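Student: whatever this is, show me its structure:
(chains A and B)
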Amino acid sequence: MSQAIIQVEGVGKLYRLRHAASKHDTFRDVLTGALTYPWRRLKGLGEPIANNESFWALKDINFQVRQGEVIGFIGRNGAGKSTLLKVLSRITEPTEGVIRMRGRVASLLEVGTGFHPELSGRENIYLNGSILGMKKREIDQKFDAIVDFSGVEKFLDTPVKYYSSGMYVRLAFAVAAHLEPEILIVDEVLAVGDAEFQKKCLGKMQQVASGEGRTVLFVSHNMSAVRQLCDRVIWLDQGKLLMEDKVETVVGAYLSAGGKSTFQAVQSSHGVELIEAQLLEAAGDKPTQHAVFNQDYRLRVTANFHKPIKDASFVLRLYDDMGGLVSTLCLPEEGVDPMLMSGTMRCQFNVPRLQLFPGAYSVSVLVFRPNEETPYLEAESALRFEVEPAIVRDGMWAYKRHHGLVRICDGAQVTCVEPAAAVK
Amino acid sequence: MPSPADVPAADDGRTLEIRPRRGWIGVNWSELWRYRELLYFMAWRDIKVRYKQTVLGVAWAVLQPLFQVIIFTLIFGKAAGLAKYLPLELQDKYPVYAYAGLLPWLFFANALSLGGMSLVNQQHLLTKIYFPRLFVPTATVTAGLVDMSISFGVFAVMMAWYHAAVGLQVLWLIPLMGLTYMASLGIAFLLSALTVSYRDFRFLIPFMVQVWMYLSPVVYPDVILSGTRLGGLLSVLNPMSGIINAYRSAIFGLPWQWGNLLSAAVGSFVLFVLGMFYFRKTERRFADIA
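Tutor: Residues are numbered from 1 along each chain as shown, chains lettered A, B, ... in the order given. Model prediction:
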């Protein structure tokens, strides 16, 4: 059994939120603040340090990592993953606790840290390499391999400000991929670049982790990448360590978390009460708030009709996180005619091969009668869910909104309609 | 002072320990030494970028002090009649006299303005990666050495033009440059750390450059200041005053003002140590407030 290479004990990070009143942003404030300090100190005696102006971005984090392990960190935005990475990579200090690490540490919280747009690709390889902790001799030795991996050799002497974003990312990742630390800390750098390059990066990461026996700490929203790379996963929620186990166990729990809908049941003035709105995995009818792109789902709503309504119909409106209407699901359009609804009614929409691009969505539930403007029930954001990326046709779909909201095609063909005229 | 166990043994293959630290934090010299190549690359970047971004490139380093000297000569030398306060043998050589003062002053002013803003300008680095933060202002100040050597070249031409001879005492410039470098690093450490924490320093810095220049004997000889009690106090407190006077003594063979030079040396050292420790003290908050 190999020894713990990273030991994290009781780590916490407190951030102070500054009120407009006590903000020490300008020097004048500090001077006046210093003058009134004794008085405030006297008034505040006995108050706890952590008041409502501060919050724990991390609290009581304990875990160990053994050499050669690949650990994934998952959790919602704001769960503390980035803060933990920043503490582990020494960018910011913990407020409490101790971390012990044995070995050379390199962290990649961003691709191309320190790249300067005015400098050429060649110059940036040296600059970025040395910022990441490589020695000049090391960069000299690996220079050709880096250029080769990046595939930008033709533009090596062009300032990187003229690079396309794809070239920029490829060059930056190529430098990072040739780091040889014992411990590598990686943030979601994989969520950039095209599918082809992402595959290359995943492959390189896997090689680093398994082939070369290095320890990797990997933070991602991309469950597919986590599944592919990690042995063990730590799930953070609201700054606390919620779960730590084998990758399938934690990812499974994470994806099905919060399946119970949390909205308050409301009764409309027309006597319609929404009692349930759920997104279900088609296989197994399991409710979830984390859908995976390209998988089969069902949207199910259940409502109590305290007064019967003739010719009633359900309408579900799907919104993106900016509040833009993405799509409307409507019973008549699915071939279900308006009907008499009374008692408890359940309505189910089939959503096969979910083609919404990763992101957060919300669903409003409405009950209408044909040719009537006002709804009989209007429950806004009755259901919220998040779409997670998946690997489709060997391409990993970026988790950020680079791709828009929906995928509308399925397969593509390229043929040569007319061969090029031979050059004379 | 932290006990040895509190100082993290950085990533050299041994154990690295990360824990909260309080109070004043010493400088981790061995870490700085291990990262020395990074300082070289950062200074090299600053030099490259400085001359790449401008149309005139290196010509700026020549033209900027030259134009300043022309303006000083017209306004202060001629119109304000400051030339007559110069030592007798230099009264017809006001431009070289002013330029000799500009040599250390421009380097220091560069440390004030560019060095002071260096951390703020590179905030993205502070939040994304760990490296000795002291290198950010150090690299910017060090890159200024290139400007300074270009200025020295121009100065040599001017000296020849005005038939001003130099003696062996000019070798004093070497330790004096070291002193200028130390004072410049000190002010750059102090101001860069302050600018991250307090936003108003961004507006204060250009103002400081202006005022500090007129409080230093750049356009006028030191006798104007040291004649009054307040002026004398100023020239003791301002390390640049002693440094500029010493540059002129070394170049023109003027009598040395040893007391003044000593106070400048002490002042520079205090500025350097104070700047470095203030920087180290606030450093751990940079990523949180940047």
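Student: dump the residue contacts of A:Ile125.
Tutor: A:139, A:143, A:146-147, A:171, A:175 (C-beta atoms under 8 Å, 6 or more residues apart in numbering or on different chains). Any C-beta I mention is one placed from the backbone N, CA and C, and that applies to glycine too.
Student: switch to 7 Å and redo it
Tutor: A:139, A:143, A:146, A:175 (C-beta atoms under 7 Å, 6 or more residues apart in numbering or on different chains).
Student: for A:Ser89, same thing?
Tutor: Taking C-beta under 7 Å, 6+ apart, one finds A:105, A:107, A:109, A:185, B:130 in contact with A:Ser89.
Student: how about a cut-off of 10 Å?
Tutor: Remark: with contacts taken as C-beta atoms under 10 Å, 6 or more residues apart in numbering or on different chains, A:Ser89 is in contact with A:105-109, A:183, A:185, A:187, A:217, B:18, B:128-130.
Student: pull out the buried positions in the host helix or strand of A:Asn124.
Tutor: According to DSSP states H and E, A:Asn124 maps onto helix A:121-131. In terms of neighbour count (16 or more other C-beta atoms under 10 Å in any protein chain shown), helix A:121-131 has its buried residues at A:121-131.
Student: how about the residues of the stretch 101-250 of chain A by chain B?
Tutor: By C-beta under 10 Å from any C-beta of the partner chain, the residues of the stretch 101-250 of chain A that approach chain B are A:101-110, A:112-114, A:116-120, A:123-124, A:126-139, A:159, A:181-183, A:187.
Student: rerun at 7 Å
Tutor: Proximity of the stretch 101-250 of chain A to chain B is confined to A:101-105, A:107, A:109-110, A:113-114, A:116, A:118-119, A:123, A:126-127, A:130-131, A:135-136 under the rule C-beta under 7 Å from any C-beta of the partner chain.
Student: now, which of these lie within helices?
Tutor: Residues of these located in helices (DSSP state H): A:123, A:126-127, A:130-131, A:136.
Student: format those residues as JSON lines; extra columns: pLDDT.
Tutor: Below are those laid out as JSON lines (pLDDT from 0 to 100):
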{"residue": "A:Glu123", "pLDDT": "93"}
{"residue": "A:Tyr126", "pLDDT": "94"}
{"residue": "A:Leu127", "pLDDT": "93"}
{"residue": "A:Ser130", "pLDDT": "91"}
{"residue": "A:Ile131", "pLDDT": "90"}
{"residue": "A:Lys136", "pLDDT": "92"}
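Student: all strands for the stretch 151-300 of chain A, in order.
Tutor: A:183-186, A:215-219, A:232-237, A:240-246, A:272-281, A:286-287, A:290-292, A:297-320 (DSSP state E, counting those that start in this stretch).
Student: which stretches of the stretch 1-150 of chain B have low pLDDT?
Tutor: Applying pLDDT under 70 to the stretch 1-150 of chain B flags residues B:1-14, B:53-55.
Student: which of the buried residues of helix A:121-131 sits closest to chain B?
Tutor: Using C-beta to the nearest C-beta, A:Ser130 is the member of the buried residues of helix A:121-131 that sits closest to chain B, with 4.4 Å.
Student: for the closest one, what are its contacts?
Tutor: A:136, B:37-38, B:41.
Student: over to B:Phe152?
Tutor: B:Leu103.
Student: next one, pLDDT for it please.
Tutor: On the pLDDT scale, B:Phe152 is placed at 92.
Student: against A:Val186, how distant is it?
Tutor: Look at B:Phe152 and A:Val186: by C-beta to C-beta, to the nearest Å, they are 47 Å apart.
Student: again with B:His124
Tutor: In this view, B:His124 and A:Val186 are 18 Å apart by C-beta to C-beta.
Student: of the two, which one has the most company?
Tutor: Comparing B:His124 with A:Val186 by other C-beta atoms under 10 Å in any protein chain shown, the one with more neighbours is A:Val186, at 22 against 12.
Student: just confirm that one contacts A:Ala106, I think it does.
Tutor: No: taking C-beta atoms under 7 Å as the definition, A:Val186 is not a contact partner of A:Ala106, at 9.3 Å.
Student: re the thing from before, from the buried residues of helix A:121-131, pick the one nearest A:Ser164.
Tutor: A:Gly121 (12.3 Å; C-beta to C-beta).
Student: leaving out sequence neighbours, find the closest residue to the closest one.
Tutor: Spatial nearest neighbour of A:Gly121, chain neighbours left out: A:Leu156 (4.6 Å); criterion: C-beta to C-beta, 6 or more residues apart in numbering or on different chains.
Student: now that neighbour: how far from A:Gln278?
Tutor: Taking C-beta to C-beta as the measure, A:Leu156 falls 54 Å from A:Gln278.
Student: who's more crowded, those two?
Tutor: A:Gln278 (23 against 16).
Student: sorry, back to before: would you show me how to pick out the buried ones of the residues of the stretch 101-250 of chain A next to chain B in ChimeraX?
Tutor: To isolate the buried subset of these in ChimeraX, counting by 16+ other C-beta under 10 Å, use the following:
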select /A:101,102,103,104,105,107,109,110,113,114,116,118,119,123,126,127,130,131
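Student: how close does A:Thr288 get to A:Arg300?
Tutor: 12 Å.
Student: which of these two has more neighbours?
Tutor: Neighbours were counted for A:Thr288 and for A:Arg300 using other C-beta under 10 Å; A:Thr288 has more, 20 against 17.
Student: does the more buried one really touch A:Glu281, like I thought?
Tutor: Yes: contact criterion C-beta under 7 Å: A:Thr288 and A:Glu281 qualify, at 5.7 Å.
Student: who's in contact with A:Trp56?
Tutor: By C-beta under 7 Å, 6+ apart, A:Trp56 lies in contact with A:12-14, A:239.
Student: A:Ser362 too?
Tutor: Taking C-beta under 7 Å, 6+ apart as the test, what A:Ser362 contacts is A:319, A:381, A:383-384.
Student: and for A:Gly324?
Tutor: With C-beta under 7 Å, 6+ apart, A:Gly324 has no contacts at all.
Student: again, but for B:Tyr130
Tutor: Contacts of B:Tyr130 were listed using C-beta under 7 Å, 6+ apart, and they are A:89-91.
Student: need the pLDDT of the nearest residue to A:Val250 once chain neighbours are set aside.
Tutor: Of all residues not flanking A:Val250 in the chain, A:Val233 sits nearest, at 3.9 Å (C-beta to C-beta, 6+ apart). pLDDT, A:Val233: 95.
Student: other residues contacting stretch B:233-252?
Tutor: Contact with stretch B:233-252 is made by B:90, B:100-101, B:103-105, B:108, B:166, B:169-170, B:172-173, B:176, B:179-180, B:183, B:215-218, B:222, B:225-226, B:254-257, B:260-261, B:263-264, B:267-268, B:271, as judged by C-beta under 7 Å, 6+ apart.
Student: buried ones among those?
Tutor: Using 16+ other C-beta under 10 Å, the buried ones in these are B:90, B:100-101, B:103-105, B:108, B:172-173, B:176, B:179-180, B:183, B:215-218, B:222, B:225-226, B:254, B:257, B:260-261, B:263-264, B:267-268, B:271.
Student: measure B:Phe67 to chain A for me?
Tutor: B:Phe67 sits 25 Å away from chain A when distances are taken as C-beta to the nearest C-beta, to the nearest Å.
Student: tell me which helix or strand that residue sits in.
Tutor: Element membership for B:Phe67 (DSSP H and E) is helix B:59-72.
Student: quick one: list the elements packing against that helix.
Tutor: helix B:94-110, helix B:135-161 (3 or more C-beta pairs under 7 Å, 6 or more residues apart in numbering or on different chains; DSSP states H and E).
Student: hmm, A:Gly10 is touching A:Thr95, no?
Tutor: No: contact criterion C-beta under 7 Å: A:Gly10 and A:Thr95 do not qualify, at 10.6 Å.
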